[in-house]
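Undergrad: after the sequence you'll find the predicted model.
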Amino acid sequence: MILQKLELRDFRNYELLSLSLSPQVTIFVGQNAQGKTNVLESILMLSLAKSHRANRDSEMIRWGTEFASVSGQVERNQRTYSLDLKILNRGKKVRVNGIEKRKISDFIGHLNVVLFAPEDLMLVKGAPQNRRRFLDIELGQMSPQYLHNLAQYQKVLQQRNNILKDGERMDAGLVGTLAVWDEQLIEYGTKIIRKRLEFVDKLQQFSSDIHKRITSGGEELTLNYKCSLLENGDAADQVSENFRQQLVLRQKDDFRRGATSVGPHRDDIEVRIDGKDVHIYGSQGQQRTAALSMKLAEIELIRHEVGEYPVLLLDDVLSELDEMRQLHLLDSMGERVQTLITTTMTYGLEDLMREKAVVYRVTDGEIHQS
């Protein structure tokens, strides 16, 4: 798939922007805090209707204006789609081919992207919430239904936690109310876990092969979804019943803590190299190589699932990689993957710029082609 055009209005520091993008490589060059990442963020909004860095949608509206808009033209499966997203202080409005969609889930999935930013190098080394977020972003754009289930789960979880915090003691009324929310938590949580298990299993296959190429076959990378509701040997169809049992067993402790202690919001991905937990025992180089393998595996997995390669967004990540890892990342692009790169310097990109890249210079919300 190809993102052919991008238009922004009052988005972040852009008053008005209209860009034509190369089907191969587009490079945005500029100093920090000029607006390079804002462009990639807007593309992610066209994919997921959600930012990777804003806590509130209103943060993306240019100061002093009432709304922001992001529009794009996407070529996919030999068809062209126009995508329009309007960001208001309260909520969003979306259109596909000029037709307004009542549900955000009907907008998501027309454009698939893989974003690789410096913080993604912390995917392995960082906290479990980084890996859960990784799962949710990639699954969300391949399956709008997953996003729906995740949103519902988070709402129910918040309601359950409110009851736990408000309950000074476990009286019969509170326990009965909790049971109603528990059934909904189990319903949506089970769907989330099953989808994550399936995703990690497929990601493992692609990332293992990629990691062998990067390390010249010297190391074996394995991924495992660590589910708080499945013991060793438990099958995926036991999630629902195990969830119900654990909620009952931990009810007293949950009231004491004022929070739900079990569920997919507590899960993680275990990353191992040659059987050893990379998070604990891996060198910094091993952690970065494992993270790179997982991100490159996303590209292949999305192609496998949707039939076309996603758009690859590299947000100032090349400067964070050594020459060997840069080479593997750039080689993975080949002629197949449309790639947008932000960078403060063009060192190491000379051949790319000369042969197939469109280069834009970014200065304080103004973009001009070099």
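TA: Now that the structure is in, tell me what you want to look at.
Undergrad: would you map the helices across this structure?
TA: 36-48, 128-142, 144-166, 172-214, 239-249, 251-257, 278-281, 284-306, 323-333, 350-355 (DSSP state H).
Undergrad: quick check: mean pLDDT of the third one?
TA: Translated: helix 144-166. The predicted model gives helix 144-166 an average pLDDT of 92.
Undergrad: dump the C-alpha coordinates for it into PDB.
TA: The C-alpha coordinates for helix 144-166 follow below in PDB (Å, rounded to 0.1, in the frame of the first residue of the first chain):
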ATOM      1  CA  PRO A 144     -10.700  -3.000  14.500                       C
ATOM      2  CA  GLN A 145     -12.700  -5.500  16.500                       C
ATOM      3  CA  TYR A 146      -9.600  -5.900  18.800                       C
ATOM      4  CA  LEU A 147      -9.600  -2.200  19.400                       C
ATOM      5  CA  HIS A 148     -13.300  -2.300  20.200                       C
ATOM      6  CA  ASN A 149     -12.800  -5.100  22.700                       C
ATOM      7  CA  LEU A 150      -9.800  -3.300  24.200                       C
ATOM      8  CA  ALA A 151     -11.700  -0.100  24.700                       C
ATOM      9  CA  GLN A 152     -14.600  -2.000  26.300                       C
ATOM     10  CA  TYR A 153     -12.300  -3.900  28.600                       C
ATOM     11  CA  GLN A 154     -10.600  -0.600  29.700                       C
ATOM     12  CA  LYS A 155     -14.000   0.900  30.500                       C
ATOM     13  CA  VAL A 156     -15.200  -2.100  32.500                       C
ATOM     14  CA  LEU A 157     -11.800  -2.300  34.300                       C
ATOM     15  CA  GLN A 158     -12.100   1.300  35.300                       C
ATOM     16  CA  GLN A 159     -15.700   0.700  36.700                       C
ATOM     17  CA  ARG A 160     -14.500  -2.300  38.600                       C
ATOM     18  CA  ASN A 161     -11.500  -0.500  40.100                       C
ATOM     19  CA  ASN A 162     -13.800   2.400  41.100                       C
ATOM     20  CA  ILE A 163     -15.900  -0.100  43.100                       C
ATOM     21  CA  LEU A 164     -12.800  -1.600  44.700                       C
ATOM     22  CA  LYS A 165     -11.600   1.900  45.700                       C
ATOM     23  CA  ASP A 166     -14.900   3.000  47.100                       C
END
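Undergrad: packing partners for it?
TA: Secondary-structure packing of helix 144-166 (3 or more Cβ pairs under 8 Å, 6 or more residues apart in numbering; DSSP states H and E): helix 128-142, helix 172-214, helix 251-257. The C-beta positions use only the backbone N, C-alpha and C, and glycine is treated the same way.
Undergrad: tilt between it and helix 172-214?
TA: 140 degrees (axes from the mean of the first three to the mean of the last three Cα atoms, to 10 degrees).
Undergrad: so which bits of helix 144-166 are buried?
TA: Neighbour counts over helix 144-166 (16 or more other Cβ atoms under 10 Å) mark 144, 146-150, 152-153, 156-157, 159-161, 163-164 as buried.
Undergrad: centre of the chain to that helix, how far?
TA: 19 Å (Cα atoms, centre = their mean, to the nearest Å).
Undergrad: also the longest one?
TA: Centroid separation for helix 172-214 versus its chain: 16 Å, with Cα atoms, centre = their mean.
Undergrad: state the mean pLDDT of it.
TA: 91.
Undergrad: so what secondary structure elements neighbour that helix?
TA: With 3+ Cβ pairs under 8 Å, 6+ apart as the test, helix 172-214 has helix 128-142, helix 144-166, strand 221-226, helix 239-249, helix 284-306, helix 323-333 packed against it.
Undergrad: can you tell me which residues contact the spatially most central residue of the chain?
TA: For the chain, the residue nearest the mean C-alpha position is I137 (2.8 Å; Cα atoms, centre = their mean). By Cβ atoms under 8 Å, 6 or more residues apart in numbering, I137 lies in contact with 48, 52, 115.
Undergrad: now do the contacts for the last one.
TA: Right, the one you point to is L115. 40, 44, 52, 137, 313, 315.
Undergrad: flag the least confident of those residues.
TA: Ranked by pLDDT, those bottom out at H52, which has 84.
Undergrad: that one touches E41, doesn't it?
TA: Yes - contact between H52 and E41 holds when scored by Cβ atoms under 8 Å: they sit 6.8 Å apart.
Undergrad: which one of those two has more residues nearby?
TA: Set H52 next to E41 and count neighbours by other Cβ atoms under 10 Å: E41 wins out with 21 against 18.
Undergrad: and that one, how far from R12?
TA: According to Cβ to Cβ, to the nearest Å, E41 and R12 sit 7 Å apart.
Undergrad: what touches both of the two?
TA: In terms of Cβ under 8 Å, 6+ apart, E41 and R12 are both contacted by the residues M60.
Undergrad: can you tell me which of the helices and strands packed on helix 172-214 the model trusts least?
TA: Averaging pLDDT over each of the helices and strands packed on helix 172-214 puts helix 323-333 lowest, since it has a mean of 76.
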